[in-house]
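[1] Let's see this in three dimensions:
(2 chains)
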Protein chains: 2
Amino acid sequence: MPAFQPVRGMRDLIGEEAQTFTHIIAKARETASLYGYKEVITPHVEPLELLSAKSGEEIRQRMFIFKDLGERLVALRPEFTASIARLTTTVLKNEPKPIRLFSVGTVYRYDEPQRGRYREFWQSNFELMGSSKPEADAEIVLLTNNLMASLGLHSYAFKIGHIGVIRGILSQDGVDEKTQNAVLQRMDKKEYDSALKLVESDKCRKMLEGLLEIRGNDWLDTVEQLQSYVSNYEKAKIAAGNLAQVLKLVAESTNVNITVEPAFARGLEYYTGMIFEIYIPGLDIALGGGGRYDRLIEAFGGEPTPAVGCAHGIDRVAIALHTQKTTVAAKTEKKVVVLPITEAMKSEALKIAQLLRANGLTVEFEVMGRKMAKALEDADKRKTDFAVIVGEIELKEGAVVLKDLASRQQSIVSIDKLLEKIKS
Amino acid sequence: MPAFQPVRGMRDLIGEEAQTFTHIIAKARETASLYGYKEVITPHVEPLELLSAKSGEEIRQRMFIFKDLGERLVALRPEFTASIARLTTTVLKNEPKPIRLFSVGTVYRYDEPQRGRYREFWQSNFELMGSSKPEADAEIVLLTNNLMASLGLHSYAFKIGHIGVIRGILSQDGVDEKTQNAVLQRMDKKEYDSALKLVESDKCRKMLEGLLEIRGNDWLDTVEQLQSYVSNYEKAKIAAGNLAQVLKLVAESTNVNITVEPAFARGLEYYTGMIFEIYIPGLDIALGGGGRYDRLIEAFGGEPTPAVGCAHGIDRVAIALHTQKTTVAAKTEKKVVVLPITEAMKSEALKIAQLLRANGLTVEFEVMGRKMAKALEDADKRKTDFAVIVGEIELKEGAVVLKDLASRQQSIVSIDKLLEKIKS
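    Sure, this is the predicted structure:
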């Protein structure tokens, strides 16, 4: 039989890589707790109708769609937001606003696999629903900043724009919404020429070309430039003003690198306001991003509910940690192997193993029935700190042999002193 | 638009239920660490060929199977063991034995939904590969015991049997393997009459009928009874002897309720030795179970590798916790709301919120722009401990108003004393 491989575009995470993932997930969960986001767990499989309702043509084409045995069309979730919107319009309908929700898990997109792009990937997802205020937008950016900082990442920068600026220009010049979506999708892929070709009006095209030139690291200067540039476009002007407010709150309350880039777009169609992504130098894939989506909940049959949210790509954050050589803190508890010398000692040795575990130690029990020398050799390879050797003679005195595998010293230790001795 | 619902048989976990799940998962991960099991993360989608290779007819028929866009037949994993076997025969092929692996996540079976049975459900999974010794079997039972105890469950009991006893009887009386599988599947469902009908030989049928009578809570007595009952069946006798050894190690090294039930079977075809399940009184669904599968790795193209493993149904453990009114320990950190009095105070208030979070407090920032009274009323509903009110007058003196929402007392506190005051 040939060796089995994972499905194309999906992968196994083992050893340190798995540890890194669980560490990032733990930090995301901690961030959620610090910001008051309640965790919700939704299915990986959702009705196709839900997932395709508002996600945008491009993502629809990249979903894993199938029929269940009851002939219902379902799909693997390509993101969390549709599921969260479903919750908000059903079981959480009467919850007082704001609602803050956190999720973490895998999502699925049928992309061409490459570094940082997998067909199954992990996201942590935060949604804040019920507020249209700029402090809500700021909170989503700030918690992303907190997550990145708590992981030990540095030099990362936020790219921030506002979908309302581009849409404001396009709609004032008569571009219909469907074309707007197509323009935004191409701009998201940085296919600017192709995006501009979709715009018939010369004036509008020139306006967009000019917008593409506006970007900068001095948030105040850039946003002022933007405000003056769009001063004749009513909706775009309001959007730029809103962007200025969000930027002010973020920049004044913390120390982050921001590039303001009003012509930047994101793949999902449902955004209506501020959008952002986060990058580290030397890695041209976003570690995460998000934005405001004020009309999604309504589109799903709920009350009009302004909302803002973000997702972090855990696979990409893991790459970033690796790129910046940031190691995940190793656990400090001692690792012990427990070795019974004879068959008759096994039950007693198991008891001792359980005693040590009850006190937080990692204990590997010798399950291979190997001779002492062989078992100790294996324990060394596994970077074990101590061996507890359970033999008849010592056990009669309520004691065992404790061997320090680093110093190679060993001594007879009574069982009731064992824990203390290992921990010291 | 009608409200969206989750896919039939799948469900949302919100509020306390989600907390219970994350708590159980954390305890499973802690148990893995204490026993030296390394976490691995495998895809939820696997090649159909892998998943259907050894899982048994019944589970094959209940899988979510589909084609990806590349026309490959894939399925949602119905369990973890096939994926772990894949790892063991590929990337982990050269790892020194024993290999101890832990996984946690969702698995999928197309069952008729009922309490404790969902089409998407959560499992924690432990596999110990490389040892054929009874102490390996014992370890799997003991770690399950540790997990249940650490969650605060009580009065639970292990049902333990040995698939080698039934197979030993059947094979000695000439029943072929395919029929054996069918017999075991029906016995698993407690359809004993239907199982017995598959056996042609009268002698063999009588033997099985007698086996069904052997069960008891006194492990030593029951296993001795079993050993004498099968004394003319060579393979069954060896199996019973092996079961006796496992039971001895478990019973002597810890205090657990065990029902020995040699005629008990489990749905998966790959078991070869000891099998077990765990139950609490008043709930007739197993919280978890597992067993020995010595030929699976080989069947997947690896070296012959004895192995034993188990999985715990997190949805069911959650029901058990609820049944036994065991509450998940609430977190003790204080919850704070930060309220800027005016627009101009927002950035400063955000800074204070971040300061408090940096010290581990849960801080909800007022993002609704509500008046003070309204915001405080909402904070009460959310069981917030303190409100930090950021106003211009106090801020000039480097201070804020701290309101204890339980006692309704408030005082002006300098920002550098704020944390201390809240934590005290």
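[2] how about low-confidence regions in the stretch 301-424 of chain A?
    When residues are selected by pLDDT under 70, those of the stretch 301-424 of chain A lie in A:329-332.
[3] can you list the residues of it near chain B?
    A:301, A:331, A:333, A:335, A:346-348, A:350-351, A:354, A:357, A:360-369, A:378, A:381-382 (CB under 8 Å from any CB of the partner chain). Just so you know, the C-beta spots here come from the backbone N, C-alpha and C atoms, and that holds for glycine as well.
[4] Okay, and which of these map to helices?
    Among these, the ones falling in helices (DSSP state H) are A:K346, A:S347, A:E348, A:L350, A:K351, A:Q354, A:R357, A:D378, A:K381.
[5] Check whether the lowest-mean-pLDDT helix or strand in chain A comes into contact with chain B.
    Counting by mean pLDDT, DSSP states H and E, chain A has its least confident helix or strand at helix A:57-60, which shows a mean of 77. No - Helix A:57-60 lies apart from chain B when judged by CB under 8 Å from any CB; the minimum separation is 12.5 Å.
[6] The residue in the stretch 51-200 of chain A positioned nearest to chain B sits in which helix or strand?
    Closest residue of the stretch 51-200 of chain A to chain B, CB to the nearest CB: A:F66 (3.3 Å). Taking DSSP states H and E as the criterion, A:F66 maps to strand A:65-67.
[7] Give the other helices and strands that that strand contacts.
    Strand A:65-67 sits against strand A:73-76, strand B:65-67, with contacts defined as 3 or more CB pairs under 8 Å, 6 or more residues apart in numbering or on different chains; DSSP states H and E.
[8] one more time with 6 Å
    Using 3 or more CB pairs under 6 Å, 6 or more residues apart in numbering or on different chains; DSSP states H and E as the contact criterion, no helix or strand is in contact with strand A:65-67.
[9] Can you list the buried residues in it?
    For strand A:65-67, the buried set under the neighbour-count rule, 16 or more other CB atoms under 10 Å in any protein chain shown, comprises A:I65, A:F66.
[10] partners of it, with directions?
    Applying DSSP bridges, strand A:65-67 is found paired with strand A:73-76 (antiparallel).
[11] After the strand it pairs with, which helix or strand is next? Please name it.
    Immediately after strand A:73-76, counting by DSSP H and E, sits helix A:81-89.
[12] Would you map the strands across the stretch 151-300 of chain A?
    A:157-162, A:257-260, A:274-280, A:283-292 (DSSP state E, counting those that start in this stretch).
[13] Kindly state which of these is positioned closest to B:L226.
    B:L226 lies closest, by CB to CB, to one member of the strands of the stretch 151-300 of chain A: strand A:283-292, at 58.2 Å.
[14] what comes into contact with stretch A:126-146?
    A:31, A:35, A:37, A:84, A:88, A:97-102, A:245-246, A:249-250, A:256, A:274, A:276, A:278, A:288, A:290, A:292, A:305-310, B:346, B:365, B:367-369 (CB atoms under 6 Å, 6 or more residues apart in numbering or on different chains).
[15] cool, stretch A:179-192 as well?
    A:E58, A:R167, A:L170, A:S194, A:A195, A:L198, A:A265, A:R266, A:G267, A:E269.
[16] where's the closest residue to A:L151 other than its chain neighbours, which helix or strand?
    Among residues not flanking A:L151 along the chain, A:K27 sits closest, at 5.5 Å (CB to CB, 6 or more residues apart in numbering or on different chains). In this assignment (DSSP H and E), A:K27 forms part of helix A:15-34.
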